[in-house]
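*Asks:* Here is my input; please provide its structure:
(one chain, ligands or ions: 1)
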Amino acid sequence: MFDEALYKTSQVIHRYEKNPILSAADIPYSATLVFNAGVAKFAGRYVMVFRNDYNYTPTGPTDFESTSIGIATSEDGIAWKAEPKPIFLMEGKEFLRAYDPRLTVIEGRCYLCFALDTRHGLRGGIAVTDDFVHYEILHLTLPDNRNMVLFPEKVNSEYIRLDRPFPVYSRGGIDRFDIWLSKSPDLRYWGGSELVLTVEEVPFANDKIGPAAPPVKTGSGWLTTFHAVDIDRTRGKNGWDAVWQKRYCAGIMLLDLEDPSKVIGISRLPLLTPEEKYEAAEGFNHNVIFPGGMILEDTGEVKIYYGAADTVECMATADVDDLIGLCLENR
Ligand code: BMA
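*Replies:* Numbering: from 1, shown residues only. Alright, predicted model coming up:
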């Protein structure tokens, strides 16, 4: 197994002292687990779209266990107020649930990536909205793909996204999943896919990796978090299920500004690992950190929003230059 000493949150990270910033108690409709949110600055305020699993308790489903996507807004990115109702993205017999939403503002419009469980596979979706009331679905991937995130601007005249397909059959029947990149002329048709980062290249993952929050542009490159999973078969009950053997940490890397399929720097150590009670010892799945939002403020402060223990939404901050430094220090 891995050296446990590796699993420490980087010193450049400051967790918000009043974490969590959003949890089920803040939601004015049925809510149990409020987590894995996407965040953007849009139309003069901060907007958060979050995943809400409800009708579920530590002893199992209370009714029809389900998932909705909720919205919250904020003036400062710290204090959040949930809207009265969740949004409905997809309806139809084939669709089971949409979850893990991510937000990217491109050319003044707000794009929402989401994971979609269907009766015939896991698909990634892209929708666009201008008001968080009306949504147009632009694209659904082939199965199996999820954790998609859009870049906030075109690169060489093309829209760019990071993908995380699930090639189970060709990777030995186990989770050995990597980060890919695809391109599009119009956000509807995607292709030109290239491999960006493999699970073997991440010293703190032995299971799978995937994109986390959408990348932000810096003078040194596209700065982006990713999630990294290690699994230890000796782990037992860590949360509500009888067995939970995974740990989710966050990593950080820099992609080339002109060719974002190229990793130009990556921290060999995790950026954020589960340590606080609300990340490591409480809730549905202990030991899960899953970033979904990253805002670069004009001051150089980076706000990182992350789901903790698949149960609550939290925030941490860091200085952008420190994050870039982590990515470049081992070159
Ligand atoms: C992944 C997704 C995420 C979740 C994570 C940890 O496969 O389902 O939504 O946060 O597992 O349970």
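
*Asks:* Can you classify the residue of the stretch 101-250 of the chain found nearest the ligand by secondary structure?
*Replies:* Residue nearest to the ligand within the stretch 101-250 of the chain: Tyr248 (5.4 Å; Cβ to the nearest ligand atom). Every residue, glycine included, has its C-beta placed from N, CA and C. What DSSP: H, G, I helix; E, B strand; the rest coil gives for Tyr248 is strand.

*Asks:* now Lys303
*Replies:* Applying three-state DSSP: Lys303 is strand.

*Asks:* pretty sure it contacts Gly292?
*Replies:* No: applying Cβ atoms under 8 Å, one finds Lys303 not in contact with Gly292, separated by 11.9 Å.

*Asks:* okay, those two: which has more neighbours?
*Replies:* Gly292 (31 against 22; other Cβ atoms under 10 Å).

*Asks:* From the ligand, how far off is the more buried one?
*Replies:* 9 Å (Cβ to the nearest ligand atom, to the nearest Å).

*Asks:* for Gly293, same thing?
*Replies:* Taken as Cβ to the nearest ligand atom, the span from Gly293 to the ligand is 14 Å.

*Asks:* Quick one: neighbours of the closest residue to that residue other than its chain neighbours, just the number.
*Replies:* Spatial nearest neighbour of Gly293, chain neighbours left out: Val39 (3.0 Å); criterion: Cβ to Cβ, 6 or more residues apart in numbering. When neighbours are counted by other Cβ under 10 Å, Val39 registers 29.

*Asks:* Ok, Ser74 next?
*Replies:* Ser74 has 17 nearby residues by other Cβ under 10 Å.

*Asks:* pLDDT score for it?
*Replies:* pLDDT recorded at Ser74 is 98.

*Asks:* partners of it in the sheet?
*Replies:* Counting by DSSP bridges, Ser74 is bridged to Tyr46.

*Asks:* That one is in contact with Tyr46, isn't it?
*Replies:* Yes: using Cβ under 8 Å, Ser74 makes contact with Tyr46 at a distance of 4.2 Å.
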